[in-house]
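A.B. asks: here is a sequence together with a model predicted from it:
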Amino acid sequence: GNSVTQMEGPVTLSEEAFLTINCTYTATGYPSLFWYVQYPGEGLQLLLKATKADDKGSNKGFEATYRKETTSFHLEKGSVQVSDSAVYFCALARLDSWGKLQFGAGTQVVVTP
Amino acid sequence: NAGVMQNPRHLVRRRGQEARLRCSPMKGHSHVYWYRQLPEEGLKFMVYLQKENIIDESGMPKERFSAEFPKEGPSILRIQQVVRGDSAAYFCASSPREYEQYFGPGTRLTVT
């Protein structure tokens, strides 16, 4: 079956540090891949997405590249801010069931001043 | 354009009562999805609906849970005879087309 695996948190960083959150997936075919962010007490917001191999999604300084050969979609940001403190979820959707997002367990990121 | 609306934001029910969670999709969105987030876990897909149709309910528990998205009005997730294990955050999302799901703020259900 399909699955998404993320690195466990919490990840604690100082402001301006480099952030990487690993995400690997298992799926048949060629799923679309997403990163969502959840701020405390709020719903999820789509951060970025990629729909085919080698696509790079980017938004608000975050980037992730769809790597088919390693079945990965790692999230990176070069210089984090305190406001980036949140829980980040990696997710996939298969073409034949695109309404059904499958999420990883989430990674909490804490950025300290 | 208002975002996805969910109400109530917090709901407390005693064991055995019914819980009704409402979701109003964004304007122009005809696809609605429900997810459940248990404490310390990621979101789990429950059901995908379009107007008056259930498209995929593979994530819905077989008993006590039902969902609808009528022609008029919000989508409703109904949980009958709630148990403590139903305590969770329930998120609704909507989309105008594939892949672009926009999430509401969630309803946090507590069963006492």
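C.D. replies: Perfect, I can see it now.
A.B. asks: please count neighbours and contacts with C-alpha atoms only from this point.
C.D. replies: Fine.
A.B. asks: near chain B, which residues of chain A are found?
C.D. replies: A:32, A:41-46, A:89, A:93, A:98-106 (Cα under 8 Å from any Cα of the partner chain).
A.B. asks: now, those residues that are in strands?
C.D. replies: A:32, A:44-46, A:89, A:93, A:102-103 (DSSP state E).
A.B. asks: let me know the closest of the residues you listed to B:Lys51.
C.D. replies: B:Lys51 lies nearest to A:Ala93 out of those, by Cα to Cα, at 21.3 Å.
A.B. asks: so what's the closest one bridging to?
C.D. replies: A:Ser32 (DSSP bridges).
A.B. asks: who are the contact partners of it?
C.D. replies: Shown in contact with A:Ala93 (Cα atoms under 8 Å, 6 or more residues apart in numbering or on different chains): A:31-33, A:99-102, B:99.
A.B. asks: name the member of those with the most neighbours.
C.D. replies: Counting by other Cα atoms under 10 Å in any protein chain shown, A:Leu33 has the largest number of neighbours within these, with 29 neighbours.
A.B. asks: now the residue nearest the centre of chain B. Nearest residue, chain neighbours left out?
C.D. replies: Per Cα atoms, centre = their mean, the C-alpha nearest to the average position across chain B is that of B:Trp34, at 3.9 Å. Closest residue to B:Trp34 apart from its sequence neighbours, by Cα to Cα, 6 or more residues apart in numbering or on different chains: B:Cys92 at 4.6 Å.
A.B. asks: then B:Arg22?
C.D. replies: Per Cα to Cα, 6+ apart, closest to B:Arg22 is B:Ile76, 4.7 Å.
A.B. asks: the one you found: how many residues sit nearby?
C.D. replies: 20.
A.B. asks: who touches it in this structure?
C.D. replies: B:20-23, B:67-69.
A.B. asks: A:Val111 too?
C.D. replies: Per Cα under 8 Å, 6+ apart, neighbours of A:Val111: A:12-15, A:80-85.
A.B. asks: up against chain A, what does chain B have?
C.D. replies: Counting by Cα under 8 Å from any Cα, chain B comes close to chain A at B:33, B:40-45, B:47-48, B:91, B:98-99, B:101-106.
A.B. asks: buried ones only from the residues you listed, please, as a ChimeraX command.
C.D. replies: A single ChimeraX command suffices to select whichever of the residues of chain B next to chain A are buried according to 16 or more other Cα atoms under 10 Å in any protein chain shown:
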select /B:33,42,43,44,45,47,48,91,99,101,102,103,104,105,106
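A.B. asks: related to what we said a few turns ago, ok, which pair from the ones in strands among the residues of chain A next to chain B is furthest apart?
C.D. replies: Farthest-apart pair in these is A:Ser32 and A:Leu44; separation 17.4 Å (Cα to Cα).
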